[in-house]
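*Asks:* Turn this into a model:
(one chain, ligands or ions: 2)
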Amino acid sequence: MKRVKTGIYGLDELIEGGFPAGRTVLVSGGCGTGKTIFSMQFAYRGAVEFDEPAVFVTLDERPKMIREDMLRFGWDLKKAEQQGKFAILDASAAKVGFPSDEKYTLPQSGIDIDKLLMKIMDISQQMGAKRVVIDSIAGLGLQAENVNEIRKTILKLNYLLLKTNYTTVITSEIAEQSFESGPMMFSKYGVEEYVADGLIVLHYLGIGTQSNRQLYIRKMRGTKHFEDLIPMEITPKGIVVKKPEDEYKI
Ligand SMILES: Nc1ncnc2c1ncn2[C@@H]1O[C@H](COP(=O)(O)OP(=O)(O)OP(=O)(O)O)[C@@H](O)[C@H]1O
Ligand SMILES: [Mg+2]
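*Replies:* Ligands and ions are numbered 1, 2, ... in the order given. Down below sits the predicted model:
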């Protein structure tokens, strides 16, 4: 199986070299757990360092803010965009019915999943993209009570993305919960993880020590992966994960 470097420092060696190429990985976690940074690191480093152009679809945050925030990690999105390696598709404005002054946007009339997919295909083909990110699936505004509709939408998304061979990262939100509070939910609607080929869960304990962030590989089809909670850190160069034994090495 061909592998794609994730761009997350330390992660590839825990999943046999990287994400399965051309597949979809879901990254889920509570608010502020690092989903946007994770998915951007995958897209940006892929485009700039591994020569795999990327399209980043933003449904929640405005592109201007993203460009600003990501500069903190030394990721110059604007430059990569100008070089044609990287593109942001702004779906955040359409979602609330506003016009957007971005190069790639959706009609102001709101989010239509088919139009969104068409647009992603268009841009990806134009730039020869190899990576696609959708941040986040919750931003699609699907009706939570309609599980069949959600499943269908995600299957459709996955099917189209698979057909085109892009390696895709989709983010999803989950409410913070403890292991004691009943069955774990891994995604907003509880169905996304079944459709995706891989599921990575991000945790943040928020106690203020160095290792209060953790990453957990819940599944990665076709891959022998690390099974423990993995300490992770958001550093000035982006997300770094460490094997627990390294963390405690003196
Ligand atoms: N430059 C930075 N250095 C260290 N930590 C940072 C930096 N920028 C952001 N963070 C941390 O990352 C968090 C935001 O990460 P990110 O936006 O990726 O989370 P998210 O899971 O996408 O959140 P949301 O659910 O709100 O979209 C911040 O709350 C902060 O704790
Ligand atoms: Mg986010």
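*Asks:* and stretch 40-57, C-alpha only, in CSV?
*Replies:* Extracted in CSV, the C-alpha atoms of stretch 40-57 (Å, rounded to 0.1, in the frame of the first residue of the first chain):
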residue,chain,number,x,y,z
MET,A,40,-3.5,22.4,8.0
GLN,A,41,-0.1,20.9,8.8
PHE,A,42,-1.1,17.9,6.7
ALA,A,43,-2.1,20.2,3.8
TYR,A,44,0.6,22.8,4.0
ARG,A,45,3.6,20.6,4.6
GLY,A,46,2.3,18.2,2.0
ALA,A,47,2.1,21.0,-0.6
VAL,A,48,5.3,22.8,0.3
GLU,A,49,7.6,20.1,1.5
PHE,A,50,6.4,16.9,-0.2
ASP,A,51,5.3,18.3,-3.5
GLU,A,52,1.7,17.3,-3.1
PRO,A,53,-0.5,20.3,-3.8
ALA,A,54,-3.4,20.8,-1.4
VAL,A,55,-6.9,22.3,-1.2
PHE,A,56,-8.1,23.4,2.2
VAL,A,57,-11.8,23.8,2.5
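*Asks:* how far does it sit from the chain's center?
*Replies:* Relative to its chain's centre, stretch 40-57 lies at 11 Å (Cα atoms, centre = their mean, to the nearest Å).
*Asks:* Numbering from 197 from now on, please.
*Replies:* Yes, from this point I'll number from 197; that puts the last item at stretch 236-253.
*Asks:* what comes up buried for it?
*Replies:* For stretch 236-253, the neighbour count (16 or more other Cβ atoms under 10 Å) marks 236-244, 246, 248-253 as buried. In short, each C-beta sits where N, CA and C put it, glycine included.
*Asks:* now do stretch 386-393
*Replies:* Buried-residue list, stretch 386-393, by 16+ other Cβ under 10 Å: 386-389, 391-393.
*Asks:* Widest-spaced pair of these?
*Replies:* Greatest spacing in the buried residues of stretch 386-393, by Cβ to Cβ: Gly386 and Asp393 (17.4 Å).
*Asks:* where exactly do the strands run in this protein?
*Replies:* Under the criterion DSSP state E, the chain contains strands at 199-200, 215-216, 220-225, 250-254, 282-286, 300-301, 327-331, 363-369, 394-400, 409-416, 426-431, 434-437.
*Asks:* now the chain, which segments are flagged as low pLDDT?
*Replies:* The model of the chain has pLDDT under 70 over residues 339-340, 372-380, 402-407, 440-446.
*Asks:* at 50 instead, please
*Replies:* Along the chain, segments meeting pLDDT under 50 span 446.
*Asks:* residues from it in reach of ligand 1?
*Replies:* When proximity is defined as Cβ under 6 Å from any ligand atom, the chain approaches ligand 1 at 225, 227-233, 256, 268, 369, 430.
*Asks:* out of those, which one sits closest to Gly337?
*Replies:* Nearest to Gly337 among the residues of the chain next to ligand 1 is Asp256, at 10.7 Å by Cβ to Cβ.
*Asks:* residues in contact with the residue nearest to that closest one when sequence neighbours are not counted?
*Replies:* Closest residue to Asp256 apart from its sequence neighbours, by Cβ to Cβ, 6 or more residues apart in numbering: Gly335 at 4.7 Å. Neighbouring residues of Gly335 by Cβ atoms under 8 Å, 6 or more residues apart in numbering: 254-256, 287-288, 291, 307.
*Asks:* Much appreciated, bye for now.
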